[in-house]
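Peer 1: kindly return the folded structure for what I paste below:
(one chain, ligands or ions: 1)
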Amino acid sequence: MALAAARRLLLHAGSRLGRREAVDGARRFANKRVLVETEGPAVMKLRNPPVNSLSLECLTEFTISLEKLENDKSIRGVILTSECPGIFSAGLDLLEMYGRNPAHYAEYWKNVQELWLRLYTSNMILVSAINGASPAGGCLLALCCDYRVMADNPKYTIGLNESLLGIVAPFWFKDMYVNTIGHREAERALQLGTLFSPAEALKVGVVDEVVPEDQVHSKARSVMTKWLAIPDHSRQLTKNMMRKATADNLIKQREADIQNFTSFISKDSIQKSLHMYLEKLKQKKG
Ligand SMILES: CCCCC/C=C\C/C=C\CCC/C=C/C(=O)SCCNC(=O)CCNC(=O)[C@H](O)C(C)(C)COP(=O)(O)OP(=O)(O)OC[C@H]1O[C@@H](n2cnc3c(N)ncnc32)[C@H](O)[C@@H]1OP(=O)(O)O
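Peer 2: Residues are numbered from 1 along each chain as shown. From the prediction side, this is the model:
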């Protein structure tokens, strides 16, 4: 209930802000964690420092921004990128999955599902400009896009690394990985929790193109121009034909998937794994 109210408030605030900035001629709208520019090809920038982790608030704002763009019939495509230097997204927020209660886990997972379904089945053209590290949920965001351009910086890695955390990527993460890189590569990468360098990601097909870091946005724009030249109706029907079965697989068992996640993540052994992983992240600094 509280989240629904927050969502209504954000939508309302978002549209007020959108109107005001449009009057200023700025053609953009924003909430705290997501900035959307609609001048030229629309660009959606995640800005949830330090690492663009997908907290509940961030997921909510992301979903609302996407909804607003979907409702604007003049917007046919969106470039998804990050405002946090060196990080595309660190994925799901570990602090939403650690040390909370089952009701919180259920609420969080419902929102993860919601964002995924919206992104994966969007009628808009989605191009990701991957300008930093993109593990797990960060990779998931990129995989939802129709085309992925990644910055050529060996420090940036991408992949579904859940098994390294002692957790398991759910079946719909797995399905999308299989759809993108094929069964054998997905099986190996999921078990090993592989984080691919840009060159490896290109080779295996996790990304479509790797370009020098200073060209990642211009390349994403030129890709968008090419895709915008295709008639919407035929492209959308084709996209739907390719993705519907995967999305439907979650839609028909959303509630069971929430229950699965909640009981899995609540286990003492899984909480212990997450604790150790969080400690490792802290120690890396010291
Ligand atoms: C058969 C049964 C099956 C049942 C299955 C059912 C359901 C499925 C169950 C679970 C599915 C869960 C799916 C999970 C998906 C995810 O996305 S999990 C998150 C994975 N993400 C990561 O592993 C990334 C971890 N982070 C990093 O590697 C690095 O932070 C970095 C992104 C490369 C950035 O490095 P750097 O710039 O050096 O920054 P720091 O490491 O110093 O980090 C800064 C602070 O940010 C905190 N942080 C980092 N990542 C996260 C995160 N994902 N969530 C929350 N917080 C994060 C980090 O701890 C630092 O915090 P402090 O400053 O120390 O407080």
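
Peer 1: lowest average confidence, helix or strand, in the chain?
Peer 2: In the chain, the helix or strand scored least confidently by mean pLDDT, DSSP states H and E is helix 2-23, which has a mean of 43.

Peer 1: could you point out which element follows that helix?
Peer 2: Sequence order places strand 28-30 as the next helix or strand after helix 2-23, per DSSP states H and E.

Peer 1: show me what that following strand is packed up against.
Peer 2: With contacts defined as 3 or more Cβ pairs under 8 Å, 6 or more residues apart in numbering; DSSP states H and E, the packing partners of strand 28-30 are helix 2-23, strand 34-37. C-betas here are computed from N, CA, C, even on glycine.

Peer 1: run the last query once more with 10 Å
Peer 2: Secondary-structure packing of strand 28-30 (3 or more Cβ pairs under 10 Å, 6 or more residues apart in numbering; DSSP states H and E): helix 2-23, strand 34-37, strand 42-46, helix 56-71.

Peer 1: partner strands of that strand and their direction?
Peer 2: Neighbouring strands of strand 28-30 in its sheet, by DSSP bridges, are strand 34-37 (antiparallel).

Peer 1: mind listing the helices for the stretch 51-200 of the chain?
Peer 2: Secondary structure of the stretch 51-200 of the chain, counting by DSSP state H, counting those that start in this stretch: helices at 56-71, 102-120, 137-143, 171-181, 183-192, 198-204.

Peer 1: out of these, nearest to residue 37?
Peer 2: Between residue 37 and these, the shortest gap by Cβ to Cβ is with helix 56-71, which sits at 11.0 Å.

Peer 1: helix or strand for the residue nearest to residue 27 when sequence neighbours are not counted, which one?
Peer 2: Leaving aside its sequence neighbours, residue 27 sits nearest to residue 39 (Cβ to Cβ, 6 or more residues apart in numbering; 4.3 Å). Per DSSP H and E, residue 39 falls between elements, in no helix or strand.
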